[in-house]
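Undergrad: Sequence plus predicted model, see below.
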Amino acid sequence: MWKMMNPLHKKKQNKFKRKHFILLFVSIVTGFIIGYAYNLARDDKQFDSNYFEQEDIYRTELIEQQERNKELMDELNALKAQIREYEKSFTESTNDYKELAQEAEKLRLILGELPAHGEGIRVTLKDGHYNPKSTNPNDYIVHESHIFMVINELKISGAEAIAINGHRLKPNSYIHCNGPVITVDGTQYPAPFEIEAIGNSETLISSLKIAGGVFDQLLNDSIIVTIQALDNIEMPSINS
Amino acid sequence: MWLPFLGLVLGLTLGLLTDIQIPSVYENYLSIAVLAALDTIVGGIRANLQQVYDDKVFITGFFFNIALAIGLAFLGVHLGVDLYLAAVFAFGVRLFQNIAIIRRILIQKWEDRHVKKDEKTV
């Protein structure tokens, strides 16, 4: 009886184990897949919320920084005004410092750190009229070289402050041509270009209109130039 | 009875501990695989209760269903048709049906036992 039962019993036990092994294996695989999927989904969500939070933080930081910049700018302007006050009081009280302070004032004007105003001229450069004979529009539009010509001439003849379309030029300003517009210190200005210069208007005009000079060259390039003497030109400082 | 739960817990911990990143395109396949695996397990339990359980059917069904579901999803992604919905639908329906059958069998067994007890007491 035992001998007969034994193989059957053994086989049954074997099968029992095999079944359990398969069950264990399948459940491990299922658990692994579920856990892994859960992990991935959780990571995804974390990433999403992190991303938005970060964007928010950066935006707030940027706004704070901009406000701080504005505050500092105001402080700077206030301090500069204070220095000027001191210098003015110097010129009144001590004769020794008078000339130095006056020179500083003049240099500051040239640097463009102060708003300038006074007698001057305004040169307007406009693109020439459409010329049906010419195939190339470059032949009658204002180029940066024309603006350079005017500015150089004005500087040579003693202009104290120059502005293009209301943008005050610094000693280290840059101008470059950018298709139909020109870029002055990173800001784009379209034609017509109004170049204002403060200085002796007679000298400035005569130097521009010298025979074969800038005025003639501009006319030769079919550009519409108007020169206007003004009694009072207001110019902002470079900081504004 | 404790063996499948042990396996499930073991698998879950393993899955939670793995830190392999896969491209987000393949996350669809993973959800399908989960569904297929669950369907096979529930199907196995039902077969066991109905006394038609077979090792080979169970183990081949497990892998074959997962492979088929992933293959379908893969094909769908490459054809631009959401074919994985077919797998989700099929497995979902079967999951519910199998669970319903298991529930009925369990209720039947429970009632049978009650009737026997009642007979004994009477």
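TA: Nice, thanks for sending it over.

Undergrad: Show me what counts as buried in stretch A:20-33.
TA: Residues of stretch A:20-33 classed as buried by neighbour count (16 or more other C-beta atoms under 10 Å in any protein chain shown): A:22-24, A:26-33. C-beta here means a position set from N, CA and C on the backbone, and glycine is covered the same way.

Undergrad: Report the distance from the longest helix along chain A to the chain centre.
TA: As assigned by DSSP state H, the longest helix anywhere in chain A is helix A:2-93. Counting by C-alpha atoms, centre = their mean, to the nearest Å, helix A:2-93 is centred 34 Å from the centre of its parent chain.

Undergrad: mind listing what B:L10 touches?
TA: B:L10 sits next to A:28, A:31 when contact means C-beta atoms under 8 Å, 6 or more residues apart in numbering or on different chains.

Undergrad: Please identify which helix or strand holds it.
TA: helix B:2-17 (DSSP states H and E).

Undergrad: Also compute the angle for that helix relative to helix A:2-93, please.
TA: Angle, helix B:2-17 to helix A:2-93, by axes from the mean of the first three to the mean of the last three C-alpha atoms, to 10 degrees: 20 degrees.

Undergrad: on that earlier part again, what mean pLDDT does the longest helix of chain A get?
TA: Here helix A:2-93 scores 78 as its mean pLDDT.

Undergrad: for stretch A:184-203, same thing?
TA: Averaged over stretch A:184-203, pLDDT sits at 86.

Undergrad: Pull out the buried residues from it.
TA: Residues of stretch A:184-203 classed as buried: A:184, A:189, A:193-201 (neighbour count, 16+ other C-beta under 10 Å).

Undergrad: Those: which two are farthest apart?
TA: Spatial extent of those (C-beta to C-beta) is set by the pair A:Y189 and A:N200 at 26.3 Å.

Undergrad: Quickly name whichever of the buried residues of stretch A:20-33 is closest to chain B.
TA: A:G31 (2.2 Å; C-beta to the nearest C-beta).

Undergrad: For that closest one, which residues are in contact?
TA: B:7-15.

Undergrad: again, only using 7 Å
TA: A:G31 makes contact with B:7-12, B:15 under the criterion C-beta atoms under 7 Å, 6 or more residues apart in numbering or on different chains.

Undergrad: before we move on, what about A:T226?
TA: A:T124.

Undergrad: Now do the phi/psi pair for A:A161.
TA: phi -150, psi 140 (degrees, to the nearest 10).

Undergrad: and it, how many neighbours?
TA: By the criterion of other C-beta atoms under 10 Å in any protein chain shown, A:A161 has 26 neighbours.

Undergrad: looking at it, it is touching A:L111, isn't it?
TA: No: taking contacts as C-beta atoms under 7 Å, A:A161 lies outside contact range of A:L111: 9.6 Å.
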